[in-house]
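Enquirer: Model the following, please.
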Amino acid sequence: MKRKLVMGLLTLALFGGVALTVNAQEKKKTEVGKALDHTGKAISKGAKSVGNKTAEVAVKGSSKVADKTWKGKMAPDGSDVYINAKNEKYYVNSKGAKIWLKPSQIKNRPASKK
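Expert: Predicted coordinates:
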């Protein structure tokens with residue numbers, strides 16, 4: 001009987017210790033913590049935006065050097081259409097990815113008014 005009592009107390013102490021350590025791991029949401037979370041998200045959003053713009057500029061630059069620009073034509077979003085060596089048409093989106101075009105997606109660029 002004494003042994004069961006000792007084992008029960010040890011088990012209770014073990015569960016009590018686990019509960020205290022789990023409670024200590026919870027993140028407190030104070031004003032400073034909320035401000036840090038907001039700042040971290042803003043920095044992440046800004047870094048992603050800068051990365052996308054850098055990729056877009058890099059890909060457009062390499063496309064202007066390596067491939068031909070189709071004069072008088074535009075992509076569905078209004079950007080330039082490029083033609084590679086295999087006569088494939090594409091444009092570069094805002095994230096820097098090459099989007100391949102079907103002939104039906106290519107539009108005539110409106111003439112500029114002077």
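
Enquirer: Could you pick out the longest helix of the chain?
Expert: helix 31-66 (DSSP state H).

Enquirer: packing partners for that helix?
Expert: In terms of contacts (3 or more CB pairs under 8 Å, 6 or more residues apart in numbering; DSSP states H and E), helix 31-66 is packed against strand 80-83, strand 89-92. From N, CA and C alone the C-beta is placed, and that goes for glycine too.

Enquirer: give me that answer again for 10 Å
Expert: For helix 31-66, the contact count by 3 or more CB pairs under 10 Å, 6 or more residues apart in numbering; DSSP states H and E identifies strand 80-83, strand 89-92, strand 98-100 as packing neighbours.

Enquirer: For Ser49, find the nearest of those.
Expert: Checking those against Ser49 by CB to CB gives strand 89-92 as the closest, at 16.3 Å.

Enquirer: Tell me what Asp80 is bridged to.
Expert: Met74 (DSSP bridges).

Enquirer: Give me the local confidence score for it.
Expert: The model reports Asp80 with a pLDDT of 93.

Enquirer: check contacts around it.
Expert: Lys60, Ser63, Lys64, Thr69, Trp70, Lys71, Lys73, Met74, Tyr91, Val92, Arg109 (CB atoms under 10 Å, 6 or more residues apart in numbering).

Enquirer: possible to save the helices and strands packed on helix 31-66 as JSON lines with distance to Lys4?
Expert: Listed next are the helices and strands packed on helix 31-66 as JSON lines, based on distance: least, CB to CB, whole Å:
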{"stretch": "strand 80-83", "distance to Lys4": "81"}
{"stretch": "strand 89-92", "distance to Lys4": "74"}
{"stretch": "strand 98-100", "distance to Lys4": "72"}
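
Enquirer: Deepest in the core, which of those is it.
Expert: strand 89-92 (a mean of 21; mean count of other CB atoms under 10 Å).

Enquirer: Contacts for that strand, please.
Expert: 55-64, 67, 70, 73-84, 97-103, 105-106.

Enquirer: what residue ranges in the protein score low on pLDDT?
Expert: Scanning the chain for pLDDT under 70 picks out 1, 5-6, 9-10, 12-29, 113-114.
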